[in-house]
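> Below are the sequence and a predicted model for it; my questions follow.
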Amino acid sequence: MKLLEPGRIGKMALKNRVFMAPMGTTTEEDGSFHDRSIRYLEERAIGGFGLIITGANQVSTDYEQKACNILGSVRSVQQLNWLARRIHANDAKLCVQLTVGLGRMQLPFAAEVAPLAASEVESYWFPGLMCKPLSVEQIQDLVVKMGAGAAAAKAAGADAVEVHGYGGYLLDQFCSTLWNTRTDEYGGDLRARMKFGLDCVTAMREAVGPDFPILYKFTPYHGVPGGRELEEGLEMARILEEAGVDALHVDMGCYEAWYKAIPTVYQHAPSQAWLAAEVRKVVSIPVLAVGKLNDPNIAERVLQEGKADFIGLAHGALTEPHWVNKVQRGEAYDIVPCIGCNECLFAGFKGGHYQCAVNPQCYAEDFFPVTPATAPKRALVLGGGPGGMEFAITAAERGVEVELWEKGARLGGTLWAAGGPSFKSDVADYATYLTNKTFRSHVTVRTMKDGTAEEILAGGWDKVVLATGAHHAMPPIPGIDGPKVVTAGDLLTGRAEHGARVVIIGAGLVGCETAAMCAQRADSVTVIETLPKILMSVEHCRNNELALAQLLEDSQIAFITDARVTDLGEEAVTYLKDGQTTSIEADTYVIAAGYTPNDGLYEQLAGRVDVSVIGDAVKPDSILKAVHQGFHLARSL
């Protein structure tokens, strides 16, 4: 298996071909690695990753405010040394990513203060605010500090450094004509635009010597109008090899198409291996690939087909820190799959600690231990959705005797609807994983089994958990009981079919995803929404938002907002908008107007048995909420 074969980057020997890709973490106040971040990275080294690449470390805050880790203070070097020792203790290597900054992507010191960037271009986060170009003296100062940063990383015990030169951040802005309009030595042709990055490589090489590996993460293809095209990206690869970098870490996209850089549930796997393969054709140094390589079969195929020399997991390393060890032990079936929700990224952008929807212990490795139960207990779970299964698995791991009743024929609950479309197979994979894990966890499962309060009370349970989910809210529209009416859930799970002309009532996340699925086969799909905009009730990460917007645009769906459906007739749907009544003929009317909790049993049981409600039975919400509620309830029994 090539995944487990030893590899080499320059003089650095690696025990396998799998690395943890760089992602930002929370820091100490001065930008040093937080003990929590160190522990989190250590867990992935324990889990078998051969190489850990840190998130970006700023080498200076003279021109930008703190955005990530900062390398420069005595404390930062001490913490980095502690991280290196922890990584090395688990037979893994550490690569420290260094950055000159974010440029137009930064959050400026104040809303009216122009960020410094390659040229006078618009700030991404503050449209209308124009950036100021970095002076030649400022550029040269940053080059010197990149050399100093590399020397500090080496002195702290790191095994390699990586240049943060990708994704529309500052170095990449200099390299692209989309953001670089300079007429001095740092603008013009490709080599001139690359001068800043190449000078950084030279300074770093002088600082660390000839045998210390320098990786360069770059973006050979942006995938946006005016951005870098592949031909120029391949020429960049040749120039970077010529400059003496030891490996190329290939990335794709930028913030304007952020889902291409950080993929979502809507992208197919693998998402970027094709690009790594193109780069590998034109260089002789190792090429590192990322992008939805969480399935070991896909990751192995990328290596076997020669598309890359190493494969990296980012969010897949969050969901499953022991990915490599499980592959090595022949336990790939037990790998927790990433569902592409980007709740991890979203948490960070909201200013909180990072978290993972399907791994409640991510970034909390020592905070939420699962310990044996202190006394024999029996627990009953009603509902086999994500929350119910997570509770059952965790409680059984603690030694609790668990029985799970599911009123349907299979476990999974609304995960099967959420993972129903072909473009959301990641969620279906998670449903399969959780189902199989439940059956492997010494949980007594009874399907096609509902429960009454009397039956539950007669069981003498120490704990009862209502994970009974939610059902479609059916708005009081004339004709709602008609033969053409189906729910989105029934369509998404294949329990109902749709005709050539589809009208969907509700433009929330479920309605929009259902519309995109129907558009794959229907002649026309129209979505009617009462609110002024579609997806107004949805909170998700920017890259998921952009990916879904692109999917909806490609699907050629008609959206009618600020409209109220007044009748579901035999031939047409009638709605009222701006005081005018309009009818649309359709074959299928789909209800996607929200959900109502299935919480009826609680009042019958409260006060008579120890009972808790979790997941959508509390309030229809996310997979994260259901899974975390189930986990923490089981952990606290």
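Ah, there it is.

> State the pLDDT value of the residue nearest to residue 582 when sequence neighbours are not counted.
Closest residue to residue 582 in three dimensions, ignoring its sequence neighbours and counting by Cβ to Cβ, 6 or more residues apart in numbering: residue 575, at 6.0 Å. C-beta here means a position set from N, CA and C on the backbone, and glycine is covered the same way. On the pLDDT scale, residue 575 is placed at 98.

> Looks like residue 575 contacts residue 569 (just checking).
No. No contact is recorded between residue 575 and residue 569 when judged using Cβ atoms under 8 Å, the distance being 11.3 Å.

> residues bridging contact with these two, i.e. touching both?
Where contact means Cβ atoms under 8 Å, 6 or more residues apart in numbering, the residues bridging residue 575 and residue 569 through contact with each are residue 583.

> Who has more neighbours out of those two?
Between residue 575 and residue 569, residue 575 has the larger neighbour count (other Cβ atoms under 10 Å), namely 22 against 16.

> mind checking the SS state of the more buried one?
In terms of secondary structure, residue 575 is strand; the call rests on DSSP: H, G, I helix; E, B strand; the rest coil.

> That one: what's it in contact with?
528, 560, 563, 564, 565, 566, 581, 582, 583, 584.

> Return the subset of those lying in strands.
528, 560, 564, 565, 566, 581, 582, 583, 584 (DSSP state E).

> Please report how far the fourth one lies from residue 244.
In this structure, residue 565 lies at 65 Å from residue 244, with Cβ to Cβ, to the nearest Å as the measure.

> Looking at these two now, which is surrounded by more residues?
A side-by-side neighbour count of residue 565 and residue 244, using other Cβ under 10 Å, places residue 565 first with 25 against 16.

> What residues are bridge-paired with that one?
Here residue 565 sits in beta bridges with residue 575, as judged by DSSP bridges.

> how close does it sit to residue 350?
According to Cβ to Cβ, residue 565 and residue 350 sit 34 Å apart.

> ok so, going back, and the contacts of residue 575, which is closest to residue 99?
Each of the contacts of residue 575 was checked against residue 99 using Cβ to Cβ; the closest is residue 560, at 45.3 Å.

> How about the contacts made by residue 550?
Counting by Cβ under 8 Å, 6+ apart, residue 550 touches 257, 259.

> buried residues in the one helix or strand it maps to?
Mapping residue 550 onto the secondary structure by DSSP states H and E places it in helix 542-554. Residues of helix 542-554 classed as buried by neighbour count (16 or more other Cβ atoms under 10 Å): 543, 544, 545, 546, 547, 548, 551, 552.

> One more: stretch 479-499?
By neighbour count, and taking 16+ other Cβ under 10 Å as the criterion, the buried residues in stretch 479-499 are 479-480, 484-493, 498.

> and if you look at stretch 192-204?
By neighbour count, and taking 16+ other Cβ under 10 Å as the criterion, the buried residues in stretch 192-204 are 192, 193, 194, 195, 196, 197, 198, 199, 200, 201, 203, 204.

> how about these in TSV, adding secondary structure, pLDDT and distance to residue 610?
Output for the buried residues of stretch 192-204, formatted as TSV (DSSP: H, G, I helix; E, B strand; the rest coil; pLDDT from 0 to 100; distance: Cβ to Cβ, whole Å):
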residue	secondary structure	pLDDT	distance to residue 610
192	helix	98	71
193	helix	98	66
194	coil	98	65
195	helix	98	68
196	helix	98	63
197	helix	98	61
198	helix	98	66
199	helix	98	66
200	helix	98	61
201	helix	98	62
203	helix	98	64
204	helix	98	60
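
> and of the residues you listed, the nearest to residue 533?
The nearest one, if we look at the buried residues of stretch 192-204 relative to residue 533 and count by Cβ to Cβ, is residue 193, at 38.8 Å.

> which ones are touching that closest one?
174, 175, 176, 177, 180, 186, 187.

> From those residues, pick the one nearest residue 509.
Ranking the contacts of residue 193 by separation from residue 509, with Cβ to Cβ as the measure, puts residue 176 on top at 33.4 Å.

> what about that closest one, how many residues close to it?
Once other Cβ under 10 Å is used to define contacts, residue 176 is seen to have 20 neighbours.

> Next: the one 4 residues further on.
Here the neighbour count serves as a burial measure; for residue 180 (other Cβ under 10 Å) it reads 21.

> Just confirm it is within a strand.
No. Under three-state DSSP, residue 180 falls outside any strand and is assigned coil.

> isn't it right up against residue 171?
No. In this structure, residue 180 is not within contact of residue 171 by Cβ under 8 Å, at 10.6 Å.

> Using the record's assignment, carve this structure into domains.
As recorded under automatic domain parsing, the domains making up the chain are 2-349, 378-462+600-635, 485-593.

> end-to-end on stretch 251-270?
As for stretch 251-270, its first-to-last residue distance stands at 13 Å under the measure Cα to Cα, to the nearest Å.

> Now residue 417, what are its backbone angles?
With angles defined as degrees, to the nearest 10, residue 417 shows backbone torsions of phi -70, psi -50.

> Ignore what I typed, I meant residue 20.
Dihedral angles phi and psi of residue 20 (degrees, to the nearest 10) take the values phi -90, psi 120.

> Neighbours of it, how many?
When neighbours are defined as other Cβ under 10 Å, residue 20 has 27 of them.

> residues in contact with it?
Applying Cβ under 8 Å, 6+ apart, we find residue 20 in contact with 41, 44, 49, 51, 52, 53, 312, 313, 314, 317.

> and of those residues, the nearest to residue 626?
Of all the contacts of residue 20, residue 317 has the smallest distance to residue 626: 22.7 Å, by Cβ to Cβ.

> ok now do the residue nearest to residue 416 when sequence neighbours are not counted, which residues does it touch?
Residue nearest to residue 416 in three dimensions, not counting chain neighbours: residue 493, with 5.1 Å by Cβ to Cβ, 6+ apart. Taking Cβ under 8 Å, 6+ apart, we find residue 493 in contact with 416, 417, 420.

> pLDDT at the closest residue to residue 184 other than its chain neighbours, what is it?
Distance criterion Cβ to Cβ, 6+ apart; nearest residue to residue 184, sequence neighbours excluded, is residue 136 at 6.5 Å. Listed pLDDT for residue 136 reads 98.

> how much space between residue 136 and residue 435?
For residue 136, the distance to residue 435 under the criterion Cβ to Cβ works out to 60 Å.

> And these two? Which one has more around it.
For residue 136 versus residue 435, the count of surrounding residues by other Cβ under 10 Å is larger for residue 435: 18 against 12.
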